[in-house]
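Engineer: predicted model, plus sequence, below.
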Amino acid sequence: MSNTSSSPTLQQRSQATVAPSTSATSQPSKTTRRARGQGSAAPTSSSAGACREFLLGRCHYGDKCKFVHKKLQQTAEGTAKSSTLNRGAKGKKSKADSPGNLPSSSTSLQAQGQSPLRPQPNGSNNLSPTTNNASSSASQPQSSGAHNAKKPCHNWKAGKCFRGDKCWYSHDPIERDTQQQLDLERARIAARLAQEAARERARLAAEEAARIREAKRLETQQEAARRREIRAREEATRKALLAEQEALRNKQEAAFKTQHIVLGSTLITCGAGLEVRGVVSGFDSCRLTIRGLPSNANATEIAELFTQQGISRDDIHILSINPANGDHREAKVLTSADQGGAIAVGLDGIEFRNETLHFEISENISTDAMGESSALQADTLAIFWSAPSASMIATYSSMDDARAQARALNQMVIGGRRIKAEMNPPPTGPALRFYDPASVKMTGLPVDASINTVMELAGTMSVRPIKSNTYNLQELLVDLRQHLASLPDNRMKSFTTDLDRQVDGLVAVKARFESWDHANSARSSLNGKRLKPDYPHFRFSLPQPLHFISTIPLQQFDAQKQMWESLADTKHNKGPRVHLIRNPERRIVRIKLSGDDKKAVGALKVRVETLVAGEKLDTTYWHRSFLWPKGREFLSKIHSETGVYVRGDFKIQALKIYGEGKAKENARQMIEDEVARLAQLEWTVVLRRQSVGYFVRKGLAALKEVLGEDAVTLDLASTPCKLTIRGGEEARHALGTLMDQSLNDIDLCMPGGGNDICPICYDAVSHPIKLGCEHVHCTACLRHYLTSAAETKIFPLVCMGDEANCKVPVPIPVIQRFLIRQQYEHLIDVMFSTYLDRHPQDFKYCTTPDCTQIYRANTKTMLKCPSCFAEVCSSCHEEAHEGMTCEERRARKAQEEDQLNDTWATIHGVKRCPSCQVLIEKIEGCNHMSCRCGAHVCWICLKTFPQDQIYQHLGLVHGGAFDGDGERRDNDLQHALALQRQLDERDLVPVHPRLGHVPRPPPAPVAAVRAAPPLVHRQQLEALDLEAQLRRQAAQRQQAEVQRMREEYQRQFDERQARLIREAEQRRRGWGCTVM
């Protein structure tokens, strides 16, 4: 008892130290027993990764087990033996639990080489508590409650037993230490197993990841190879398709043709290179109007109406298709006169898509020509005369009453007639004595009006009749009709009477004839004549046979006022006349032109049309903003400041200017300054997504090459991308071309980087463009070649490849891509003008001055100009001469004109070439004239010489090549001869004052004269010296002149040779350009 109550012993302190371990050990034992009671054979998670069933040799999961199958020899053996002991002691409360059996169990375990302290592989304590209690009882004496000493105190092991020595269970410090060691060993084994399991899992995961990566890598490589193969096939297919499309496009572009109206009304067809393929002149063409077309008819269907009749598509040109009455359309087609006449007759009234078509043929007129007035009927003669009427005079008491009644009675309608009342003018002759100033004269009264009725209306009783215009109207009408019907070569079609104007005291008759000439003959037969003495005189109204009208703005008329007034000068009534009708309300002016002489009217019509058309400015004066409100304000400002009217024509994209003299120059300068200012402004274009890549690769560089480095900016940071440009119309056209190329699959601009040499600049190709002939040019060089074609005038435009031997024409779409619309139209005009110059024997200009129409020569027919109505013989190119041959007409004209021409040529210093008879004029230079026919002419004697002999002729015959050379030589010769005569006439010379004069001795040599006495021969010596000096000077001047002429001839020869060499080189290189 003393031991129990004393201070804690060493054993108690040990038990207190290992108490937590004991508690931790006892709890898993209960869990193990509880699991065994349930009969669970599956592995648990408490093994920390190691398979307990595998350690026991009975895991049926095999390789699919989620725990580690790794044998630990000692652990496995110990675990198996402990499990055997536990199964044998399970559920038995017999002798095996007695303290006496514990040593045997422990001894048997030790005898088998197993340590009772070795933990189980799953980390739990499966050792029998009997073994622990036996060890504890053997090491310490029995305490109170010895009957429970065989069982350890789990609370004491956990360090929380509050019973102390009174506890029924054993408080063995050795067992607690053993438990702690077991726990540490279990923890170490668990940690080691966990590390091995983690390393195994990491290894397996790494192997799996490597296997997955390798599989992915192989799959990626296979996918990349497959994609490369697909891309290669797609690229090959795309290239083949692009090549096919490009070949088709090149073929289509090479075959592309365009039609243009030039010189007012001439239709030309152009092929590749702007080569003229067909010409239909205004003389040979006509205009067809097709009416009754369906509302949805298009140009292709209209063209098929002609092509189905065998007419080539190049011989027709659809001018317009406009809406007409109802649901129909009206088309105007330009074609040749022969084919148009046949079409108008053959197709008139045909059925087209359930509609009946009607064809009407008319003369071809220029687009700017004056329109012919259709309101006037030139074949109708209107005849007017005064209707039968009575006249009376009413007298009043005062002048005031007379004036008041005159105002009241004037224009009053009495008996269906409007009378005229006015103060009675004083008569002449004897009737003056009966004159009363306070009287009113009334005319136009009805014939049957009584005096009483007039008295009542006039308000006075003093009314008397006077001589009146009375006759039988019906008899006059019959006599007039019989007279017109009895005229020789009567062609009267109708005779109508207009009695509605009798209220105004007039009778009107309209007689219609077959032509204006017949109507004019009828007027001449009645002019100034009366059919009977009591019949009144007739008045006539016959429109001119030619009547045209045009309308212009009032501003244009003000700018051209002096020129219009000079055309409308009415000092003489003969010939055609121009009438100007102003309409300030509508701000327009109507110009009417009328006459009966076709030639005179045509010439004046051309002048009027020239003024109406104005002057078209070239592309340097154009900017598209002139069509906008601000641009129109600027044009109005020009009119207010300079008086010049300027308007923008949206159809031709150009300005037209109207004015006179210096004002037009000022207006041009203002426009040029404004265009330069607008060209410096920046404008922004939003790029589409599919265009951004194109401009990044090459479009931006191409624009910078054309416009300059500082004129183009590409903003890729903005969304969407924006392109900022600074420039005029050329910049906009270049950008538009590149935008179209960026949106198309096929692009003319091929990627650079090759060894191609531009055939124009002979340098490496920059921003290449390939034509249909496969030759590659610099974009800038090709643009310069096309834009300079208007100056070089070399047509057709061909490829310059193969040292200018390719000769494949440049397609028209390529030309249009490089030229703005105004430049292209100007190039067409220059091309056709050059074509006419090269075919002078095929085409001729109209004989009327200022008329631009042309006709085809040598057709042996009489042609009529559609603009000036001049009739021309296509064989001799003179005015039409019906009834005469060309030789007869030429002979008669020569007699009339030769004298006038020779007189004019003599006055103005003009001569005819002796080779081709063309008038030539010398402006400056030497007397060697080179005619365009190739003849080398002496200007003085008008003789022809070979080029290497003409200067010899000029020097020998005329004293030199320049004017005055012969005169100077003659003057020198005359001066020398005069001096010689002066010396010869002096036969006496003074010798001495005393001797006087002695006869002159014969001439002596100079040496002899010099040896004579000085006093005798001094004057003779001086004369000889002067003569010798003059001869030397003359010889020197002649030598100097010869030397000067030789140098001048050599200089001219060198310049000519250099020019020929330069032209030959340019022809060889195809008039190339140099890119600065």
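Structural biologist: Arrived safely, thanks for sending.

Engineer: just the buried positions in stretch 158-172, please.
Structural biologist: For stretch 158-172, the neighbour count (16 or more other Cβ atoms under 10 Å) marks Ala158, Gly159, Cys161, Cys167, Tyr169, Ser170, His171, Asp172 as buried. For every residue, glycine as well, the C-beta is placed using N, CA and C.

Engineer: what's the answer for stretch 506-517, then?
Structural biologist: So for stretch 506-517, counting by 16+ other Cβ under 10 Å, buried means Leu506, Val507, Ala508, Val509, Ala511, Arg512, Phe513, Trp516.

Engineer: and those residues, which of them are in strands?
Structural biologist: Leu506, Val507, Ala508, Val509, Ala511, Arg512, Phe513 (DSSP state E).

Engineer: Met412 contacts Arg418, correct?
Structural biologist: Yes - with contact defined as Cβ atoms under 8 Å, Met412 counts as touching Arg418 (7.3 Å).

Engineer: pull out the buried residues from stretch 381-397.
Structural biologist: Judged by neighbour count using 16+ other Cβ under 10 Å, the buried positions of stretch 381-397 are 381-396.

Engineer: er, stretch 914-933 actually
Structural biologist: Ile920, Cys926, Asn927, His928, Met929, Cys931.

Engineer: so which of these is the closest to Ile302?
Structural biologist: Checking the buried residues of stretch 914-933 against Ile302 by Cβ to Cβ gives Cys931 as the nearest, at 50.5 Å.

Engineer: ok now stretch 871-885, how far from the chain's centre?
Structural biologist: Using Cα atoms, centre = their mean, to the nearest Å, the mean C-alpha position of stretch 871-885 is found 45 Å from that of the whole chain.

Engineer: got it, and stretch 1032-1046?
Structural biologist: The answer for stretch 1032-1046 is 64 Å, by Cα atoms, centre = their mean.

Engineer: mean confidence for that stretch?
Structural biologist: For stretch 1032-1046, the mean per-residue pLDDT is 78.

Engineer: pull out the buried residues from it.
Structural biologist: By neighbour count on 16+ other Cβ under 10 Å, the buried set for stretch 1032-1046 is Glu1041, Met1045.

Engineer: do stretch 768-778 as well
Structural biologist: By neighbour count on 16+ other Cβ under 10 Å, the buried set for stretch 768-778 is Pro768, Ile769, Lys770, Leu771, Gly772, Cys773, His775, Val776, His777, Cys778.

Engineer: widest-spaced pair of those residues?
Structural biologist: Maximum pairwise distance in the buried residues of stretch 768-778, criterion Cβ to Cβ, is 17.2 Å, between Gly772 and Cys778.

Engineer: so Ile769 versus Cys758, what's the distance?
Structural biologist: Between Ile769 and Cys758 the distance is 10 Å, computed by Cβ to Cβ, to the nearest Å.

Engineer: list the residues that contact both of those two?
Structural biologist: Common contacts of Ile769 and Cys758, defined by Cβ atoms under 8 Å, 6 or more residues apart in numbering, comprise Val776, His777, Cys778.

Engineer: between the residues you listed, which is nearest Asp710?
Structural biologist: Using Cβ to Cβ, Cys778 comes nearest to Asp710 of the shared contacts of Ile769 and Cys758, at 21.3 Å.

Engineer: and the end-to-end length of stretch 904-915?
Structural biologist: Taking Cα to Cα, to the nearest Å, stretch 904-915 runs 20 Å from one end to the other.

Engineer: how about Trp904, secondary structure?
Structural biologist: Counting by DSSP: H, G, I helix; E, B strand; the rest coil, the backbone at Trp904 sits in helix.

Engineer: now stretch 228-237: mean pLDDT?
Structural biologist: Stretch 228-237 shows a mean pLDDT of 90.

Engineer: can you check stretch 865-882 too?
Structural biologist: Mean pLDDT, computed over stretch 865-882, is 84.

Engineer: how long is it end to end?
Structural biologist: Stretch 865-882 end-to-end distance (Cα to Cα) = 16 Å.

Engineer: show me what counts as buried in it.
Structural biologist: Buried residues in stretch 865-882, counted by 16+ other Cβ under 10 Å: 865-874, 876, 880-881.

Engineer: now do stretch 901-917
Structural biologist: The neighbour-count check on stretch 901-917 (16+ other Cβ under 10 Å) flags Arg912, Cys913 as buried.

Engineer: show me what that stretch is in contact with.
Structural biologist: Contacts of stretch 901-917 (Cβ under 8 Å, 6+ apart): 918-922, 929, 931, 933-935, 937, 939, 942-944.

Engineer: try 7 Å
Structural biologist: Identification of contacts with stretch 901-917 by Cβ atoms under 7 Å, 6 or more residues apart in numbering yields Val918, Leu919, Ile920, Glu921, Cys931, Cys933, Ala935, Val937, Leu942, Lys943, Thr944.

Engineer: export the residues you listed to CSV and tack on secondary structure and pLDDT?
Structural biologist: Formatted as CSV, the contacts of stretch 901-917 follow (DSSP: H, G, I helix; E, B strand; the rest coil; pLDDT from 0 to 100):
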residue, secondary structure, pLDDT
Val918, coil, 84
Leu919, strand, 85
Ile920, strand, 87
Glu921, strand, 86
Cys931, coil, 87
Cys933, coil, 84
Ala935, coil, 89
Val937, strand, 90
Leu942, coil, 87
Lys943, coil, 88
Thr944, strand, 89
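
Engineer: turn the residues you listed into TSV, including distance to Arg1037.
Structural biologist: Converted to TSV, the contacts of stretch 901-917 look like this (distance: Cβ to Cβ, whole Å):
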residue	distance to Arg1037
Val918	38
Leu919	37
Ile920	32
Glu921	32
Cys931	34
Cys933	38
Ala935	33
Val937	29
Leu942	29
Lys943	28
Thr944	31
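
Engineer: closest to Gln245 out of these?
Structural biologist: For those, the minimum distance to Gln245 (Cβ to Cβ) is 52.0 Å, reached by Cys933.

Engineer: confidence score at the residue nearest to that closest one when sequence neighbours are not counted?
Structural biologist: Distance criterion Cβ to Cβ, 6 or more residues apart in numbering; nearest residue to Cys933, sequence neighbours excluded, is Cys916 at 4.1 Å. Listed pLDDT for Cys916 reads 84.

Engineer: now Cys916: how far from Gly505?
Structural biologist: From Cys916 to Gly505 the distance is 70 Å (Cβ to Cβ).

Engineer: re earlier: just give me the closest of the buried residues of stretch 768-778 to Ser295.
Structural biologist: Of those, the one sitting nearest to Ser295 (Cβ to Cβ) turns out to be Gly772, at 40.2 Å.

Engineer: the closest one: what's it in contact with?
Structural biologist: Taking Cβ under 7 Å, 6+ apart, we find Gly772 in contact with Asn250, Glu253, Ala254, Val808, Pro811.

Engineer: again, 10 Å this time
Structural biologist: With contact taken as Cβ atoms under 10 Å, 6 or more residues apart in numbering, Gly772 is in contact with 246-247, 249-254, 272, 799, 808-811, 814.

Engineer: which strands or helices does the longest helix anywhere in the chain pack on?
Structural biologist: The longest helix of the chain (DSSP state H) is helix 173-255. Judged by 3 or more Cβ pairs under 10 Å, 6 or more residues apart in numbering; DSSP states H and E, helix 173-255 is in contact with helix 10-17, helix 19-38, helix 73-89, helix 129-139, helix 154-158, helix 812-818.

Engineer: same thing but 6 Å
Structural biologist: helix 10-17, helix 19-38, helix 129-139 (3 or more Cβ pairs under 6 Å, 6 or more residues apart in numbering; DSSP states H and E).

Engineer: specify which member of the contacts of stretch 901-917 is nearest to Gln1029.
Structural biologist: Of the contacts of stretch 901-917, the one sitting nearest to Gln1029 (Cβ to Cβ) turns out to be Lys943, at 38.9 Å.

Engineer: how about the closest one, phi and psi?
Structural biologist: Phi and psi for Lys943, reported as degrees, to the nearest 10, are phi -110, psi 150.

Engineer: any idea how far Ala935 is from it?
Structural biologist: Distance from Lys943 to Ala935, by Cβ to Cβ: 10 Å.

Engineer: more neighbours: which of these two?
Structural biologist: Regarding Lys943 and Ala935, a neighbour count based on other Cβ atoms under 10 Å identifies Ala935 as having more, with 17 against 13.
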